[in-house]
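K.L.:
A structural model of the following input is requested.
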Amino acid sequence: MARFTTKDFASLLDEALTSNGTEEQTAPARPKIPFEILGRRAADRTATVSDPEAAAEYLFAAADHFSIEPELSQLIEPPSVEPFDIAHELRLTGRETPDALDRIRREFAFANHPDRVSEDLRDRAIIRMQIANRMIDDAKERGAKIARIS
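P.N.:
A predicted model of the protein is given here:
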């Protein structure tokens, strides 16, 4: 069965089942590649299209896969590292209980932790987490001082 045949699949299958491996197994012949098509001259590769309709069709087909829109990450402004903006995100009023401050810390870390953001924003996320943690720790210390005084 190493040669090309015009038999249908069923007859080939019947022959294979009845032979039970009595035929000598030979490796199939490798396909031959006409290398002359690979060695085209440089003039053939730089041929121009003389048909304007074909050229227009090619350009419209290429335009379907072309986009000048920037990526979404370029459109979105990275989060601010300004303490005022981070305090606004944390919504600290100074009257939070320690449990509420822990909840605020967890929520902020869930949204801004360096392990949860893309690699290009990781350094910014580290700074944001340091500032937020410092603000929450300061709020806890102030709350503890007020509780001791009272």
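
K.L.:
Pick out the least confidently modelled helix or strand of the chain, by mean pLDDT.
P.N.:
Sorting the helices and strands of the chain by mean pLDDT, DSSP states H and E puts helix 42-45 at the bottom, at a mean of 50.

K.L.:
Now the next helix or strand after that one - C-alpha only, PDB.
P.N.:
Under the assignment DSSP states H and E, the closest C-terminal helix or strand after helix 42-45 is helix 52-63. Listed next in PDB are the C-alpha coordinates belonging to helix 52-63 (Å, rounded to 0.1, in the frame of the first residue of the first chain):
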ATOM      1  CA  PRO A  52      -5.500  48.500  -9.700                       C
ATOM      2  CA  GLU A  53      -8.600  46.600  -8.600                       C
ATOM      3  CA  ALA A  54      -6.500  43.700  -7.300                       C
ATOM      4  CA  ALA A  55      -4.300  46.200  -5.500                       C
ATOM      5  CA  ALA A  56      -7.300  47.900  -3.900                       C
ATOM      6  CA  GLU A  57      -8.800  44.500  -2.900                       C
ATOM      7  CA  TYR A  58      -5.500  43.600  -1.300                       C
ATOM      8  CA  LEU A  59      -5.300  46.900   0.700                       C
ATOM      9  CA  PHE A  60      -8.900  46.500   1.900                       C
ATOM     10  CA  ALA A  61      -8.200  42.900   3.000                       C
ATOM     11  CA  ALA A  62      -5.100  44.100   4.900                       C
ATOM     12  CA  ALA A  63      -7.000  46.900   6.500                       C
END
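
K.L.:
which helices and strands does helix 52-63 pack with?
P.N.:
With contacts defined as 3 or more CB pairs under 8 Å, 6 or more residues apart in numbering; DSSP states H and E, helix 52-63 has no helix or strand neighbours. C-beta: built from backbone N, CA, C; applies to glycine.

K.L.:
Do me a favour and average the pLDDT over that helix.
P.N.:
In this model, helix 52-63 has an average pLDDT of 71.

K.L.:
same check, this time on stretch 7-19
P.N.:
Stretch 7-19 shows a mean pLDDT of 78.

K.L.:
Stretch 131-142 too?
P.N.:
In this model, stretch 131-142 has a mean pLDDT of 95.
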